[in-house]
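Undergrad: Fold the following, please.
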Amino acid sequence: MARSINFVWNYINELSTRSIKERGQFLSAYDLHPYTKGAGKELGLHSQTLQCVAGEYVTRRKQFKKAKLNWRKSVGVRRSLGWIPVNTGQAKWKNGQVFHNGIYFSVWDSFGLDQYTFRSASFNEDARGRWYFNVVVSVEAETSEGTGSIGIDLGCKESATDSNVLLSGCTSPSKQPKAFFPSGSWMLLNPQEYQPNIIFGALMICPEQSSESECHPGHTVLALIEENRGHGCTDYIGQGVIQPVSSATQWRMESEGELVGVFRWQGETLKLTDSDGKEMYFVAMSEDNLDSKLNESCEASLNDHKAEKIKQSGI
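TA: This is a model prediction of the structure:
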């Protein structure tokens, strides 16, 4: 399976490089998916694993700001260490083993994996040829026993304030940290401040309790749309899972076990600080309005591009 992953990576690498060289278009993960569709059966890989490889490739291409990444080598002294990504829900604990893509994998279970529900995961090889199963699991938060004691200030006009939050005075409820889970659809307020070539951004977060089979609790999709240079708007789509940090006002977003950023409430907006320290601000918006705003931004970007070409040609 690791050799097949290397084959898919190298194919995507060549495809992306040719697209940039011949058409000047950076293919997004969404653009790459049709080219690998149906190959999983021949390569012995799960179909969603192919999508994970495409998503990881686009992420690293943007991270290192390169038009072409290194090839993954399957043989030789400089061969690439094995890596098999597993999408959310595509691996589970069954009969004392990890079950993925119709294959049972024996592991040394030192954490009691049968007690957890698997989310995104990956199989990884170290330099000594040993393989590891890395997985994100769902953990139920422990409810406080409520053995502590606090004092309540009943003299506040707008809300009662406990002594652990505020030592003196009264605070409006709107200024208190929000404690609810930030699910739903959100629009990015500062796309070009975050990155100059980004014209639009959207965020989708599945609720903590969801009955939809395709919307797993906490599953998060971040879409950043790049400017239209005459070939349509290209997008970068990142996926991950958000989980509480230390309070009900902060959540970590992780993808394949790596930190993407931390969410915090800031008034009525949702603030995401990524792993590089850059900040994004989101406001709640319906999906229909998001689609409308996206189309408007893409069309406006195309008009700006045409106007720029006319200005450069001197017409």
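
Undergrad: and the biggest helix by length in the chain, how far from the chain's centre?
TA: In the chain, assigned by DSSP state H, the helix with the most residues is helix 287-313. Relative to the centre of its chain, helix 287-313 is centred 26 Å away, using C-alpha atoms, centre = their mean, to the nearest Å.

Undergrad: Buried residues of it, list them for me.
TA: 290, 294, 297, 298, 301, 302 (16 or more other C-beta atoms under 10 Å). The C-beta positions use only the backbone N, C-alpha and C, and glycine is treated the same way.

Undergrad: mind listing the strands in the stretch 151-300 of the chain by residue range?
TA: Under the criterion DSSP state E, counting those that start in this stretch, the stretch 151-300 of the chain carries strands at the ranges 152-153, 161-162, 184-188, 198-205, 219-226, 235-244, 250-255, 258-266, 269-274, 279-284.

Undergrad: any idea which of these is most buried?
TA: Of all the strands of the stretch 151-300 of the chain, strand 198-205 has the most neighbours on average by mean count of other C-beta atoms under 10 Å, namely a mean of 23.

Undergrad: Let me have the strands of the stretch 151-300 of the chain in TSV, adding mean pLDDT as columns.
TA: Shown next, in TSV, are the strands of the stretch 151-300 of the chain (pLDDT from 0 to 100):
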stretch	mean pLDDT
strand 152-153	56
strand 161-162	48
strand 184-188	89
strand 198-205	88
strand 219-226	85
strand 235-244	75
strand 250-255	83
strand 258-266	84
strand 269-274	88
strand 279-284	91
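
Undergrad: can you tell me which of these comes nearest to residue 127?
TA: Among the strands of the stretch 151-300 of the chain, the nearest to residue 127 by C-beta to C-beta is strand 258-266 (19.6 Å).

Undergrad: Only the C-alpha atoms, please, for the closest one, written as CSV.
TA: Provided in CSV are the C-alpha atoms of strand 258-266 (Å, rounded to 0.1, in the frame of the first residue of the first chain):
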residue,chain,number,x,y,z
GLU,A,258,-1.0,18.1,13.0
LEU,A,259,-2.2,21.4,14.5
VAL,A,260,-3.9,23.7,11.9
GLY,A,261,-4.9,26.4,14.3
VAL,A,262,-6.8,27.5,17.4
PHE,A,263,-10.4,28.9,17.4
ARG,A,264,-11.5,31.5,19.9
TRP,A,265,-14.5,33.7,20.2
GLN,A,266,-14.0,37.4,19.8
